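S.K.: Quick check, what structure comes out for this input:
(chains A and B)
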Amino acid sequence: MDTLKNGGEILDEFFSKIEQLEGVDSDLAMALKDLYQKDKLSDKNITNALNDLRTGNE
Amino acid sequence: MIYVQAMNNIKLKELSIKGLRGVKTDLIIPFEEKSMVLYGDNGSGKSSIADALEWFYHNKIDHLSGTEIGRNGLEAMRHSALNDNDEGLCNIKFNKKDLDCNKKLLVKKGSLNVEKDNKCEEFEDYILKSLNENLIIRHKNVSEFIVAPLGERLNQLSEIIGFSKVTDTKRLLNKVYKDLDKKLKQSGFESIIQSNQQTLISNLQQNVVSQDQFISAINSLLEKYKLTDKIDSLSGIGLIIDKLKKPVNQDKITTIGVLEQLLNLIVGFSDRLNSIISDYAKFATQYNKVIEDTVSLSNLNLVELLTTGERIITPQVNDLTNCPLCLSDISGVTLLSTIQQRLTSLNKLKKDKQFLETLKAESVNQVQEEINNLKIPLNQPQLKQEIFSEIRNSTINLGVNLKYIKDAFEKANFTASVPEKIILPNKDTCSEIQLGIQNILKKLKLELADNSQTDLIVKLQSSVTAYQEIIKQRVIQKKIILQRDSFEIICNEFGKRQKEGLDAFFNLFSSQINDYYVFMNPGESVENIKLIPVETEDEITGLTIQFDFFDNQVSPPHKYLSESHLNCLGLAFFLASVKAFNKINKFFILDDVISSFDSNHRKRFLDLLSEKFNDYQIILLTHENHFFDYAKVVAKMKGWNVASFKWDTERGTYLSEAKKDLIERIENKLNRGETDKLGNDIREFLEHLCKEIASNIEAKFTFRYNDRNEERMSPELLNEIKSKVDKCSKGDHGIKQIIEPLFLRTLLSNFIGNRDSHDNSFVPSMGDFKAFWKDVMDIQKVFLCNDCKKFLSISFYAEDTKEIKCKCGKIHFGWQK
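M.R.: This next block holds a predicted model:
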C-alpha cells in the first residue's frame, strides 16, 4: 500500500515534472505548473496564460 | 506544506475533555502514545471521546449536524448542565509538542464561540491535512460505504483519495486542447496568408518566403522607381516613406489601408462561418435528442427528492418492507435499486443538458465576437462613401447572417426542438466581397499609379503591411500549433497517469479490503472482493463492489450479505483506507464498531488489529463486556493501556482509574486532609480489591448477564469472599480468623452497606476516613503478597500441604478446596 498515491499526490507529481515531458513547450509547461502551484488552474486562467504566451506578455 | 512533509507518525499523548457532550468535569485520558481499550456501559459517555476528537479536527460533529441542532452541532457539543460562564474544552497533547492545542467552546455575548490556543502555521497545516485522513469510525457509519449507491460510493471514495480533482483536471486539460484545436481550424491562417501573398505578388511582382527575399524585392522596387536608396532591414522602409514627399492623396492611401484590413477579415471569414454552422448542426442534433424526452426533462427537479430518498433509505435498506412515501409493498433493496436506476438516468440527462448549455453559451460568445469584428472596418468613415455601398451592404449581410445564427442558438432553451439545419437569410457573399475589395484596391492603386511617388509609397506601405501580416499570422499559427500539440501530449500523459493511478488504487485497495475481510471471515463463501469502476463515455461515474459468493461473481454486497458481514466489509474498507491514506497521523479511533459481530468475529477483528496494525495507536471504545475481557488479554500481550468509563450525575463521564493511581490519589487526599469525594475513591478501590480477591480464590457469585456483572458492589463482594473463606479455611488460626474482624468492621462501616449509602446523612471525619482506609489496606495485606505482588490464588494451591498460597509462597493458609 505504500506505493499507492492519492489524487493530490498524482497531481503534485504530474505538475512538478510537467516541463520534462518530451515535446511540450517549456514556457507553457511552466505556466501550467505555476497556475497549479498557486491553486489557480481553471479554464479562464489557462486561456489567459496561453494568450499571454502567444502575445509575448508574461 | 513544508511542515507536513516532515510530519508523520503523529500519536496521541493525552486527551483532556471538560464540559463537552457527556463529560462534565475534567476527564483526562493518558494515552501515552499507546493503543488503548476503553470500556464503558451504554450511556457512560464514551462516545464523547470520538465526538470531542471529531470536533477538534472538523469543528463540527457529523451526527449532530442535522437541522434540529444549530451551528453544525455546536449547540449540542457543550455539556447540558454547564453555566454560561463555564468553558467546554478539548485539550490534546501529541507526541509532537508543537501541535499541542487547547480548543475551547465558550459563550460570549450570548453566542457560542470557538477559541484555540495554538495558532501557529504548523498546527493549522496539520489540521488541514488531517481532515483528509481516516481517524474515526463509529458503529453507525461502518457499513455506510458498502450499501451506498454507485455514484455516492464513488463520491465518498473520491473524497477520501482525492480522485475527483484528478478527473476534473483531466476534463479541464482536454477542454483546453479541444479549444486550441478548434481555434486553429477556425482562424483561417492559410487563407489570410495566401491573400497577403497575392498582395505582395501584385506589388512586388514576385512571391516572398523570407525576410531577405522581401528586402531584396523592396530594393528592386526602389530601383524600378529610380531611387538610389537601399534598405537592409524592415525599419528602413519607414525611413524611405518619410523621405518621400507627402502623398497627394492621403485619403486614398488610408482607404486602401482600411480595405486591406477588411479584406483580411473577409478572407478567413468563410472558414469560420462554416465552422460555426457545423457546430450549430452538431449542437442542434444533440439538443433535439435531449428535448425528445420531455417527461424526463420536466422530472429533473425530482433529482433532489430522489437523492434525499436514497440517502434516507440506504441505512435501513435491509429492514424496509414498504415504500415510506406511498406505503406500497416493496423490499428496501428493490426500492433502493429502482431509485438508483431512476437517478442514474436523470443524472445523465442533467449532465447532457449542462453540456449543451455550456456549448450554447460558448457558441453565442464566439458569434458575437465575429459580429463585433465586422463592425470595426464598417465604422471607418472611408467605407461610408457611396462607392463602397455594395461592399458595405454585403458585409452588413454577413453580420445579419451571424445574428441569425446567434438567435438560433438562443432559441434552444429546452422548451421546444430547433431546426437541425440552418438556412441563412443571405447567401454567402464572402467571395464576392473579397473580389469586390480586390477590384477596388486595384482601381485605387491604378489611380495612384499616375503619381509615381504616391504609387511607390502605396506599394511600400501595402507590401510591408502584407509581409508583416504574413509573419504575424505564421507566428500565431505556429504558437497555437505548439500549444495544441503540447496539450495533446499533456492530455495523453495525464490520462496515462490517471489510469495508472486508478488501476493501482483499485487493485491494491481491493486486495487489501479482501485480505482484511477474509482474515475476519476465514473459510467463508466470500472471496475475491473487488472495487469495480463503472465507466460511461470514458469517465468513471460510479463504483460497484463485486465478489465471489459460492463461486459466483455477484454484486452488490447488501443483496447477499448479512448485517454483520456488511459491517465486516465496512471495517475492512475503513482499515484499508487508514493504511492507504493516513500519511500524517498514526492513530485511529474505533467507536463501538463490533456490536453486530458474534464472539468469533470479534476475536478475529482484534487479532487483525494486533497483527496488521501493530505500529498504529488504536483507541478501541466498547460497551461489550465479553469483548472487553478478550481485548484486555490482547492489550496485556501488546502493552496497550486499558481503562473503563463510569458515569454519575455529579461528575458526568469519568475514567475509572488504575488501582495504583487510585491509591496515590487517596493517600494524597488523606495526607492533605481533603475529604472531597474521598469516600467514593476508597469505595472504588475496595471494589477493585474485592473483585481481584474473589477472582483469585474463586468465590462464586449468582449468575448475572453481562453489564450487571460489573455492577456488583463492595458488600456483596465482601460477603461472598467471607462465605468462601468460611467454607475453605482450615485450622483454628487460619485465614478465617484473621479476616473476620476486618470484614465485620468494613461491612458495618457507615461508608458502605448499600448502594444508596453514598447519599446518607453520615458526615465522616478525617479520622473516620483514615480508619476505613486502614481496614481496607489490612484486607489487601492478607490477600496480596508484598514480595511477589501476587494475590493468594487457587492457581497456586499446594495439594500436598492443602494450602492456598501466593506465587512465591510467602503467604499461605490452610485451605480445603
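S.K.: switch to C-alpha atoms for all contacts and neighbour counts from now on
M.R.: Will do.
S.K.: tell me which element the closest residue to residue A:14 other than its chain neighbours falls in.
M.R.: Of all residues not flanking residue A:14 in the chain, residue B:494 sits nearest, at 7.4 Å (C-alpha to C-alpha, 6 or more residues apart in numbering or on different chains). Element membership of residue B:494 [criterion: DSSP states H and E] is helix B:452-520.
S.K.: next helix or strand past that helix?
M.R.: Scanning forward in sequence from helix B:452-520 by DSSP H and E, the next helix or strand is strand B:526-536.
S.K.: now check that next one, is it near chain A?
M.R.: No: against chain A, strand B:526-536 shows no contacts by C-alpha under 8 Å from any C-alpha of the partner chain, the least distance being 15.2 Å.
S.K.: what are the pairing partners of that strand, and which direction each?
M.R.: Strand B:526-536 pairs in its sheet with strand B:539-549 (antiparallel), by DSSP bridges.
S.K.: any idea which helix or strand comes after the partner strand?
M.R.: Immediately after strand B:539-549, counting by DSSP H and E, sits strand B:552-554.
S.K.: Could you list every helix and strand in contact with that next one?
M.R.: In terms of contacts (3 or more C-alpha pairs under 8 Å, 6 or more residues apart in numbering or on different chains; DSSP states H and E), strand B:552-554 is packed against strand B:539-549.
S.K.: re earlier: for the helix holding residue B:494, give the mean pLDDT please.
M.R.: Over the span of helix B:452-520, the pLDDT mean works out to 90.
S.K.: Next, work out how far apart the nearest residue to residue B:9 once chain neighbours are set aside and residue A:8 are.
M.R.: Excluding the flanking residues, the one nearest residue B:9 by C-alpha to C-alpha, 6+ apart is residue B:586, at 4.8 Å. Residue B:586 sits 20 Å away from residue A:8, going by C-alpha to C-alpha, to the nearest Å.
S.K.: Out of these two, name the residue with the larger neighbour count.
M.R.: Neighbour count, other C-alpha atoms under 10 Å in any protein chain shown: between residue B:586 and residue A:8, residue B:586 has more, with 20 against 15.
S.K.: Now that that one has come up, it's in contact with residue B:13, right?
M.R.: No: using C-alpha atoms under 8 Å, residue B:586 is not in contact with residue B:13, being 12.0 Å away.
S.K.: Just the pLDDT for residue 58.
M.R.: Here I'm looking at chain A. Turning to residue A:58, the model gives it a pLDDT of 46.
S.K.: hmm, I had chain B in mind actually
M.R.: pLDDT, read off for residue B:58, is 84.
S.K.: quick one: it and residue B:131 touch, right?
M.R.: Yes: counting by C-alpha under 8 Å, residue B:58 touches residue B:131, with 6.7 Å between them.
S.K.: for chain A, which spans come out with low pLDDT?
M.R.: A:1-4, A:57-58 (pLDDT under 70).
S.K.: Alongside chain B, which residues does it contribute?
M.R.: Contact residues (C-alpha under 8 Å from any C-alpha) of chain A with chain B: A:1-2, A:4-8, A:10-11, A:14, A:18, A:21, A:23-25, A:28, A:42-43, A:46-47, A:50, A:54.
S.K.: Try it again at 10 Å.
M.R.: For chain A, the contact set with chain B under C-alpha under 10 Å from any C-alpha of the partner chain comprises A:1-11, A:13-15, A:18-19, A:21-29, A:41-44, A:46-47, A:50-51, A:53-55.
S.K.: which residues of the stretch 201-350 of chain B fall in helices?
M.R.: For the stretch 201-350 of chain B, the helices defined by DSSP state H, counting those that start in this stretch cover B:211-224, B:235-243, B:250-292, B:294-298, B:303-313, B:332-378.
S.K.: and the third one, what's its mean pLDDT?
M.R.: This means helix B:250-292. Per-residue scores along helix B:250-292 average to 87.
S.K.: ok now do residue B:775, which residues does it touch?
M.R.: Taking C-alpha atoms under 10 Å, 6 or more residues apart in numbering or on different chains, we find residue B:775 in contact with B:741, B:742, B:743, B:745, B:746, B:781.
S.K.: CSV for the helices of the stretch 201-350 of chain B, including distance to residue B:552?
M.R.: What follows is the helices of the stretch 201-350 of chain B, written out as CSV (distance: least, C-alpha to C-alpha, whole Å):
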stretch, distance to residue B:552
helix B:211-224, 74
helix B:235-243, 81
helix B:250-292, 39
helix B:294-298, 36
helix B:303-313, 27
helix B:332-378, 20
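S.K.: could I get those as TSV with mean neighbour count and distance to chain A?
M.R.: Shown next, in TSV, are those (neighbours: other C-alpha atoms under 10 Å in any protein chain shown; distance: least, C-alpha to the nearest C-alpha, whole Å):
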stretch	mean neighbour count	distance to chain A
helix B:211-224	17	21
helix B:235-243	14	21
helix B:250-292	18	19
helix B:294-298	13	28
helix B:303-313	16	26
helix B:332-378	16	12
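S.K.: Minimum distance to residue B:520: which of the ones you listed has it?
M.R.: Nearest of those to residue B:520, taken as C-alpha to C-alpha: helix B:332-378 at 25.7 Å.
S.K.: Direction-wise, compare that closest one with helix B:250-292 and give the angle.
M.R.: Helix B:332-378 runs at 160 degrees relative to helix B:250-292, counting by axes from the mean of the first three to the mean of the last three C-alpha atoms, to 10 degrees.
S.K.: Quick one: distance of helix B:332-378 to the chain centre.
M.R.: The chain centre lies 27 Å from the centre of helix B:332-378; the measure is C-alpha atoms, centre = their mean, to the nearest Å.
S.K.: what is the mean pLDDT for the helix or strand hosting residue B:567?
M.R.: Following DSSP H and E, one finds residue B:567 within helix B:563-581. Regarding helix B:563-581, the rounded mean pLDDT is 87.
S.K.: circling back to that earlier point, can I assume the residue nearest to residue B:9 is in contact with residue B:11?
M.R.: Yes: because the distance of 5.6 Å satisfies C-alpha atoms under 10 Å, residue B:586 is recorded as touching residue B:11.
S.K.: Name the residues contacting each of those two.
M.R.: Common neighbours of residue B:586 and residue B:11 are listed as B:33, B:616, B:617, B:618 (criterion: C-alpha under 10 Å, 6+ apart).
S.K.: which one of those residues sits closest to chain A?
M.R.: residue B:616 (15.0 Å; C-alpha to the nearest C-alpha).
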